[in-house]
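Peer 1: Kindly return the folded structure for what I paste below:
(one chain, ligands or ions: 3)
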Amino acid sequence: MARNAIGWAAHDQSGILSPFKFSRRATGEQDVTLKVLYCGICHSDLHYVKNEWGHSTYPAVPGHEIVGIVTEVGSKVQNFKVGDKVGVGCMVGSCHSCSNCSDNLQNYCPKMILTYGSTYYDGTPTYGGYSNIMVVDEHFVVRVPESIPLDSAAPLLCAGITVYSPLKYYGLGKPGMHLGVNGLGGLGHVAVKFAKAFGAKVTVISTSPNKKDEAISRLGADSFLVSRDPDQMQAAASTMDGIIDTVSAFHPLQPLLSLLKSSGKLVMVGAPDKPLELPIFPLLMGRKMVGGSCIGGMKETQEMIDFAAKHGVKAEIEVIPIDHVNTAMDRMLKSDVRYRFVIDIGNTLKAN
Ligand code: NAP
Ligand code: ZN
Ligand code: ZN
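Peer 2: Ligands and ions are numbered 1, 2, ... in the order given. So this is what the prediction gives:
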């Protein structure tokens, strides 16, 4: 039987979230039902509730950095049982038959179903993890290793895989590489940690000089550049093999391309609402390349979180009660978060 769920939703592009009641489908044969304990606040949630990408539907229950405990499994579920600690990221469905799905790249399946803001197979809208329960096809559930605290594991489900996947695919996460990480927010800070765990040299490129000490002493970066300081940027010209660009707003690319050595790669993962300008001559002069990347497939997501457990990679978080969510969104917009807000759903989302 379908069951009552509670969450917080935005109802229009003001993006302001408030309590919302809805229903979740009954646990199907292949489904895992979980009690949500923690959910990270990704900047994509903010873009979405404010309709900055132009395709939002309302009511919108965001949240795709979800961890919780399994409370029920369907009769054909093979990999999970009641009591397991699990995570759900940005996707809850895909076609399972296209070439991307065959290659474990469900994230590039043309029929990929997002955790929120999509339409599920049964025609219902998908609602995300700012809610007390999730019902998810087991193919889109990962196991959270015992050694990672559940609250700081949550951001790995989106931020973690979004930077892990391109570090591997573009060959930037390995010893001998000098990587730039542009933007030290949710994605950026885990990019620093994964890249260091892979053995790369890492330079943070940031608009926030006050993040410098922590970037080096706490996150393990080797150096720090203030992107709005032309002298610092000039001094670092032609030194990087690659840059992961996590910035959420419009910004110039020319200064980043100048930091790359010849044959260097600029990899875009941030998703600003407006197109960026791509200067061509800096690409030609040094055969530089600009690429992109979107989250990661399910196999790689499990690999990422297992790697994180093995190498002690976890997100730096500020845990908040659900009724602070609107304030947290405002602070994230001002780059005022160290470095990810995580909502304590289990203890603070109550029926009244
Ligand atoms: P976030 O925590 O807000 O971090 C973004 C960082 O960008 C900020 O901390 C800030 O870092 C920098 N920044 C913000 N405004 C800027 C500006 N005007 N100019 C230059 N730098 C600026 O956001 P997030 O959750 O990491 O997400 C970042 C972006 O990635 C968002 O657009 C999100 O939608 C997107 N995203 C994409 C994927 C994917 O699969 N590709 C997955 C998740 C998220 P400093 O203070 O260091 O300058
Ligand atoms: Zn996200
Ligand atoms: Zn597919």
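Peer 1: separation between Ala154 and ligand 2?
Peer 2: Distance, Ala154 to ligand 2, using Cβ to the ion, to the nearest Å: 11 Å. Glycine gets a C-beta too; all of them are placed from N, C-alpha and C.
Peer 1: Now that residue. Its backbone dihedrals?
Peer 2: With angles defined as degrees, to the nearest 10, Ala154 sits at phi -50, psi -50.
Peer 1: separation between it and Leu37?
Peer 2: To Leu37, Ala154 is 8 Å away according to Cβ to Cβ, to the nearest Å.
Peer 1: who has more neighbours, those two?
Peer 2: More crowded of Ala154 and Leu37, by other Cβ atoms under 10 Å: Ala154, with 38 against 23.
Peer 1: So which residues on the protein come close to ligand 2?
Peer 2: Residues of the chain lying close to ligand 2 by Cβ under 5 Å from the ion are 42, 44, 158.
Peer 1: from these, which ones fall inside strands?
Peer 2: Here DSSP state E is the test, and the residues of the chain next to ligand 2 give no hits in strands at all.
Peer 1: closest to ligand 3 among these?
Peer 2: Of all the residues of the chain next to ligand 2, Cys158 has the smallest distance to ligand 3: 19.9 Å, by Cβ to the ion.
Peer 1: The closest one touches Gly87, doesn't it?
Peer 2: No: using Cβ atoms under 8 Å, Cys158 is not in contact with Gly87; the gap is 9.9 Å.
Peer 1: Overlap of the contact sets of those two?
Peer 2: Contact criterion Cβ atoms under 8 Å, 6 or more residues apart in numbering; residues shared by Cys158 and Gly87: none found.
Peer 1: So for these two, which residue has more residues nearby?
Peer 2: Legend: neighbour count by other Cβ under 10 Å for Cys158 and Gly87, higher for Cys158 (30 against 27).
Peer 1: Could you give the backbone dihedrals for that one?
Peer 2: With angles defined as degrees, to the nearest 10, Cys158 sits at phi -120, psi -60.
Peer 1: can I assume Ser258 sits in a helix?
Peer 2: Yes: assigned with DSSP: H, G, I helix; E, B strand; the rest coil, Ser258 falls within a helix.
Peer 1: show me what contacts it?
Peer 2: By Cβ under 8 Å, 6+ apart, the residues touching Ser258 are 233, 237-238, 282.
Peer 1: Could I get the full set of helices for the chain?
Peer 2: 43-49, 99-102, 150-153, 159-169, 186-198, 212-217, 230-235, 254-259, 281-284, 298-311, 325-333, 345-348 (DSSP state H).
Peer 1: Can you check the pLDDT for the residue located most distally from the centre of the chain?
Peer 2: Ranked by distance from the centre of the chain (Cα atoms, centre = their mean), the top residue is Met285, with 32.9 Å. Per-residue confidence (pLDDT) for Met285: 93.
Peer 1: Ser262 versus that one, what's the distance?
Peer 2: Between Met285 and Ser262 the computed distance is 8 Å (Cβ to Cβ).
Peer 1: repeat for Glu29
Peer 2: Distance, Glu29 to Ser262, by Cβ to Cβ: 54 Å.
Peer 1: Could you count how many residues lie near Ser238?
Peer 2: Using other Cβ under 10 Å, Ser238 has 11 neighbouring residues.
Peer 1: What number of residues are in the vicinity of the closest residue to it other than its chain neighbours?
Peer 2: Closest residue to Ser238 apart from its sequence neighbours, by Cβ to Cβ, 6 or more residues apart in numbering: Lys261 at 5.4 Å. By the measure other Cβ under 10 Å, the count of residues near Lys261 is 15.
Peer 1: Many thanks, I have nothing further to ask.
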